[in-house]
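Novice: Next comes the sequence, and after it the predicted model I'd like to discuss.
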Amino acid sequence: MLRIECPCCGLRDHDEFRYGGDASVARPAHDDPDPEAWYRYVYIRTNPAGLHREFWQHVTGCRQWLVVERDTRNHAIASVDLARKSSARKSPARNPPA
Amino acid sequence: MASPDFSLSVADYPLIQVEAWDRTLGQFESSLSASLGTNLPGSVGETVHHKGLLVIRVAPRRLWLALDDGAQAPALAVDPDLGCSVSLDEGRMRFRMIGADIARVLSKCIAVDWRAPAAAPGRAVLTSLHHVPVLFLRTGETACELIVPRSFSRSLSDWIAGLN
Amino acid sequence: MSSNHKRLSMGGRIDREQPLEFIFDGRKLAGYRGDTLASALLANGIILVGRSFKYHRPRGIFSAGPEEPNALVTLGIAGRRQPNLPATTLELADGMVVESQNRWPSLAFDVQSVNGLLAPFLSAGFYYKTFMGPTRRAWMFYEHFIRKAAGLGRAGTDPDPDGYDVRHAFADVAIIGGGPAGLSAARAAAAAGAQVALIEQDFLLGGQLLAEPSDSAAAAWLRQAEAELESFETVTLMKRTTAFGTYDGNVIGLVEQRDPTNPAGEARQTLTILRARSIVFATGAIDRPMVFSNNDRPGVMLASAARTYLNRFAVLPGKKIIVATCNDGAWRAAFDLADAGAEVTVADLRAAPPAALAAEAARLGVVVRAATRIVDLRGGHAVSHATLIGPDGQSETACDLVCVSGGWSPTVHLTSHLGVKPQYRDDIGGFVPGAFPADRFGAGSMMGTYSTTDAIENGHRAGTEAASFCGKSAPAPTPTKLDLGETAAAPLREVLSAGRGKAFVDFQMDVTTGDIELAHREGYESVEHLKRYTTLGMGTDQGKTSNFPALAAMATLRNATIPETGATTFRPPYTPVAIGALAGRAIGHHFKPIRRTPMHDWHRANGAEMLEVGLWMRPYFYRQSGRDVNEAYVAEMQNVRQAAGLMDISTLGKIDVQGPDAAIFLDRVYANGFAKLPVGRARYGVMLRDDGIVFDDGTTTRLAENRFFMTTSTAKAADVLSRLEFLLDTAWPDLRVALTSVSDEWAAMSVAGPKSRAILAAMFPALDVSDDALPHMGLLESEWEGRALRILRLSYSGERAYEIYVGATAGEQLWSRLLEAGRPFDLKPYGVEALGALRVEKGHVAGAEIDGRTTLDDLGLGRMAGKRTGFVGEVLRRRPAFQAPDRQRLVGLECIEEGKRLRGGAILFLPGEKPYGHGRGRVTSVTFSPERGHYVGLALLAGDVATEGSEIVAVYPMKAETVRARVVSPVFLDPQGERLHG
């Protein structure tokens, strides 16, 4: 069983978490009208053999969404960070809220 | 087999949840700390007990304020520019569990290491019991509480009562 | 019966003060506390204990541990039957009932042993070659007979009356294996300050030390080690516990057998999920069999096992013994057996066994035959003669026990589970684990060091390092030494040339050298192919004794080295685990947790048939409404249309949405706009997924400028909250919005029907519920009995209706009071079947239509989004494929055949079209419509044929039904919506 070191709650079993998919794809801004951008975001994945950035939510814990770097070959987890921290670094928002 | 040295009692568990916005967490905390007259628990899983009120940090920006039996609710005014509050008076039940066999019984419920510092008396752990989110509160050497959603409480108390 | 006639009068680790009785194949036998079933059978002189899988050959006890391939038995009767348990690991208990397997009518006379004569037809690949391809029909015919003949024990069919437990555990250092290396590691790790779990599958600690005489220095060392470990509060000794698998995150799956002396009622098996920070593998090694003709005869036994039976269980399994070996270790067995009074001959492959051994042999009267190999055996139900070939040629020797030892195979299975590949070491002729990651360690013979002195020393080192990995480095005193004088083993690397009879490589799966030759001849040379082609290693013993000999045989055939030939990957479980243990307490009504609404007890007490909906228990219908569900739901829905009904809707997902940016947030997550929703008003909203498919629907009410009350469908409540949190945490962290599930806070009920307003007025005389004060989609907030009260005027049924929310603790009270207040108005409760029928009649979509494949346009809801932009799913919902003319969209269907009905799931075809394939669409929901007087339904039907008024055929192959229907508007009732205000 995968065990994930939640930055808030510590090392917890994977069944306390919900998987949220690839965290390396950039979500278009909410009002981005480009179908290509949305198509890439929703469907195009690299499927690497190696480190993979992915979203997990500590759903029966602090409910924070996390970005986990997991090696797909051996499930070794290289890093776990709050998604808010990591999205603050690369916010894609085109039109910031008023 | 001899029944374990362990007892369970179930009661309502009213609480107030307060939450800060991301960028105003500091201000929110100072203001809340001032109005409660106590320091706040610094990180998730820490608790502070003050004048009949248990303050539990359940998420980086979210706190639960739980009243001791018979204690007066604090007058809280949350500045909407800093955060918000929501009363959770009705939705949770408290399982009080006590007895010498508690660690053994609890090991059949939740994946929490009874001996770990994170589960020491005064600590809180958010975890799951039979897939249901619960809050584990360590209240003493051989005592703890589980705060569970009301709709699941009978199913979970049945589960615990059947343990040996 | 001379019970226990093979038992010695002294010695062993059995308790002669505690005799036990057990039953084997109907015979009452005796043993002692401290016996295994195998040792007790041997003590009673029972050699033949089972029949083999394919050829029904007689088989005996081969080993003294979990590697046992032959002596598999069925334990217990009725619901407690457990098949295929190795007799060698079953702790003897008083009253135990055991049966041998795979024999009929009796163990001694088995009619199917003629399978041996049919052997040419049962070789590797036989089933495939004979019955697949063009002769597949023949398989259909023969399968029944073949399956009946092959196989092992059969499980019981009665419910298992015993309990099982699952528990969670934690440790700094987990040590797997309680032999000298594991004991030493546990002591070192505990002394260093770590929390230690020592796991031992046996009911005694000691591992190979248990094979040493019970009055030896080894026994003294073991007593001291055990006492020392017991003195540590930080050490958990887990006996009778098998580590069956190691998993990511250093999680170890353990299954513990109940101590038979414990009181009944305790779980029969307990599954422990152990999370360790570091692991020491001290799993030992398994003696290697030898491959020669008829090497599977009862009376052939691993030399190490014979020594265990002698020294641990005080059983002398033979009087005239041949020890066939290639290494020093087996000589120790020969000496102990001779010392106990047996006549022993050692046949050693080596030309010149060590002089010291030869001298000791001479002292004990053991006959030594160097450069001698065993090639064949005689004897049916028990071995009687062995054929040996040596420098003096071939000779036959009478014997009643043949001990074999081909050297040690390290038990690397558990390390392999976590992806550490076994590596071949030529100097020891065996596989050891490859490089471990930083948090795993190995010690003792599983690392290929076979002396006890070394095991204790490197166990100590591994324990110290494992503790240090956890930050526990208090100095540990050096361990007490123990030298048993073992010398390096010279392992057997090749398969001995076989005689004329079958030479078995895998006893349990009945795989012979001939099968391996056949596989090689046909090109199945890779180990993985070999395994699958011959079924080698696929038995319940996972080939613990057969893997290496098979590999060696294939290497010889390919003229390759062993590493070139490869190694198989081991997967959990190491030994079989009962499904009951994996399930633990999550069975019966605890299979999944059950959610109850605040009104649950009222429903149960007042005639409700309950229905599981996801985790929720909901009233299906009320028995007083009709004799069965069909009669009841129609009566309940008619009462709603004519008077009023009361429905428990507490199961709806409820989310408190707050913050300065709450309106902006809702505007982005709903396909229809919420920013302009006035305070005190509710709106029906639909959410899409990013790919443009409808995600969920519900109503959201604006309680205040910056506060909303969202409801979701019952089924999607958790998914919706999680998704909204995802958007806030990952996509729009700048939005100041707080989301809190308040699903459990509120009891919710819907009063629906033309008399609903009058009922509300009677119930809440102090509240103004007039249409001016509480218009359609309006909100009224108040208090009731000290709890918050919210009344929303919303309709799902199409009738005038109100949703009443009250604090959960007052739910049942308000529910009963409402029914009382509503009695003069004929207010009656209704269940989910009527609820579903009402919404179908009204043409409202629900989970059957919002099925993860449909878009807003498919559901006829496109106008809700109109030309709005900037919401989730907006761009991809407009993709061309979603606009295709034959895309299925929502229609209504009316049954037009007298006496027939529509069914959900029926496939739609055009009249005259052959009913084949996926058709033009499908029926999603149906109900009898009292309004229309016949069955109506909602369907998704290809847009190019979905013309209102046209005819369609609904085919339901499950019941071979075909019914004609007319395509109509999905709104069967009150298309103008006048009843909402009625």
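Specialist: Received, thanks.

Novice: Quick check: bridge partners of the spatially most central residue of chain A?
Specialist: Among the residues of chain A, the smallest C-alpha distance to the mean C-alpha position (CA atoms, centre = their mean) belongs to residue A:55, namely 2.5 Å. Each beta-bridge partner of residue A:55 is listed here, defined by DSSP bridges: residue A:67.

Novice: how close does the spatially closest residue to residue C:246 that is not a sequence neighbour get to residue C:167?
Specialist: Distances taken as CB to CB, 6 or more residues apart in numbering or on different chains put residue C:417 closest to residue C:246, at 4.6 Å, once the chain neighbours are dropped. Glycine gets a C-beta too; all of them are placed from N, C-alpha and C. Shown here: residue C:417 relative to residue C:167, a distance of 21 Å by CB to CB, to the nearest Å.

Novice: Equivalent analysis for residue C:595, please.
Specialist: Taking CB to CB as the measure, residue C:595 falls 25 Å from residue C:167.

Novice: pull the helix or strand with minimum mean pLDDT from chain A.
Specialist: One helix or strand of chain A scores below all others by mean pLDDT, DSSP states H and E: helix A:83-89, with a mean of 74.

Novice: that older thread, mind checking which of residue C:595 and residue C:167 has more residues around it?
Specialist: residue C:595 (26 against 21; other CB atoms under 10 Å in any protein chain shown).

Novice: Where does the stretch 51-200 of chain C get nearest to chain A, which residue?
Specialist: In the stretch 51-200 of chain C, the residue that lies nearest chain A is residue C:168 (8.5 Å; CB to the nearest CB).

Novice: what does chain C give?
Specialist: residue C:249 (3.3 Å).

Novice: In three-state terms, label that residue for me.
Specialist: Of the three states, residue C:249 takes helix according to DSSP: H, G, I helix; E, B strand; the rest coil.

Novice: Surely it touches residue A:12?
Specialist: No. With contact defined as CB atoms under 8 Å, residue C:249 does not reach residue A:12; the gap is 9.9 Å.

Novice: Quickly list what's touching both of those two.
Specialist: With CB atoms under 8 Å, 6 or more residues apart in numbering or on different chains applied, the overlap between the contact sets of residue C:249 and residue A:12 consists of residue A:3.

Novice: Comparing those two, which residue is more hemmed in?
Specialist: Here residue C:249 and residue A:12 are set side by side on neighbour count (other CB under 10 Å), and the busier one is residue A:12, at 26 against 20.

Novice: so that one sits in a strand?
Specialist: Yes. According to three-state DSSP, residue A:12 belongs to a strand.

Novice: For it, which non-adjacent residue is spatially closest?
Specialist: Using CB to CB, 6+ apart and skipping the chain neighbours, the partner closest in space to residue A:12 is residue A:6 (5.6 Å).

Novice: Now do the contacts for that neighbour.
Specialist: By CB under 8 Å, 6+ apart, the residues touching residue A:6 are A:12, A:58, A:61, A:62, A:64, A:66, A:80.

Novice: hang on, the earlier thing: verify the contact between the residue nearest to residue C:246 and residue C:572 for me.
Specialist: Yes. With contact taken as CB under 8 Å, residue C:417 and residue C:572 are classed as touching, separated by 5.5 Å.

Novice: Name the helix or strand for residue C:759, please.
Specialist: Per DSSP states H and E, residue C:759 falls inside helix C:756-763.

Novice: What's the first helix or strand after that helix?
Specialist: Using DSSP H and E, the helix or strand that follows helix C:756-763 in sequence is strand C:779-784.

Novice: got the contacts of residue A:6 as CSV, with distance to residue C:904, secondary structure and pLDDT columns?
Specialist: Shown next, in CSV, are these (distance: CB to CB, whole Å; DSSP: H, G, I helix; E, B strand; the rest coil; pLDDT from 0 to 100):
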residue, distance to residue C:904, secondary structure, pLDDT
A:12, 41, strand, 96
A:58, 38, coil, 98
A:61, 39, coil, 97
A:62, 41, coil, 97
A:64, 40, coil, 98
A:66, 40, strand, 98
A:80, 44, strand, 97
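
Novice: for stretch A:32-47, which positions count as buried?
Specialist: Counting neighbours by 16 or more other CB atoms under 10 Å in any protein chain shown, one finds that the buried residues in stretch A:32-47 are A:32, A:37, A:38, A:41, A:42.

Novice: Distance from the lengthiest helix in chain B to the middle of the chain?
Specialist: Among the elements of type helix in chain B, defined by DSSP state H, the one spanning the most residues is helix B:25-36. Taking CA atoms, centre = their mean, to the nearest Å, one finds the center of helix B:25-36 at 20 Å from the center of the full chain.

Novice: Over to stretch C:454-466?
Specialist: Computed by CA atoms, centre = their mean, the chain-centroid distance of stretch C:454-466 equals 34 Å.

Novice: CA atoms only for it - export them in PDB, please.
Specialist: Listed next in PDB are the C-alpha coordinates belonging to stretch C:454-466 (Å, rounded to 0.1, in the frame of the first residue of the first chain):
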ATOM      1  CA  ASP C 454      27.300 -15.800  11.300                       C
ATOM      2  CA  ALA C 455      23.500 -15.600  11.500                       C
ATOM      3  CA  ILE C 456      23.700 -14.300  15.100                       C
ATOM      4  CA  GLU C 457      26.400 -11.800  14.100                       C
ATOM      5  CA  ASN C 458      24.900 -10.400  11.000                       C
ATOM      6  CA  GLY C 459      21.400 -10.500  12.600                       C
ATOM      7  CA  HIS C 460      22.900  -8.200  15.300                       C
ATOM      8  CA  ARG C 461      24.300  -6.000  12.600                       C
ATOM      9  CA  ALA C 462      21.100  -5.800  10.600                       C
ATOM     10  CA  GLY C 463      19.000  -5.100  13.800                       C
ATOM     11  CA  THR C 464      21.400  -2.300  14.700                       C
ATOM     12  CA  GLU C 465      21.300  -0.800  11.300                       C
ATOM     13  CA  ALA C 466      17.500  -1.100  11.000                       C
END
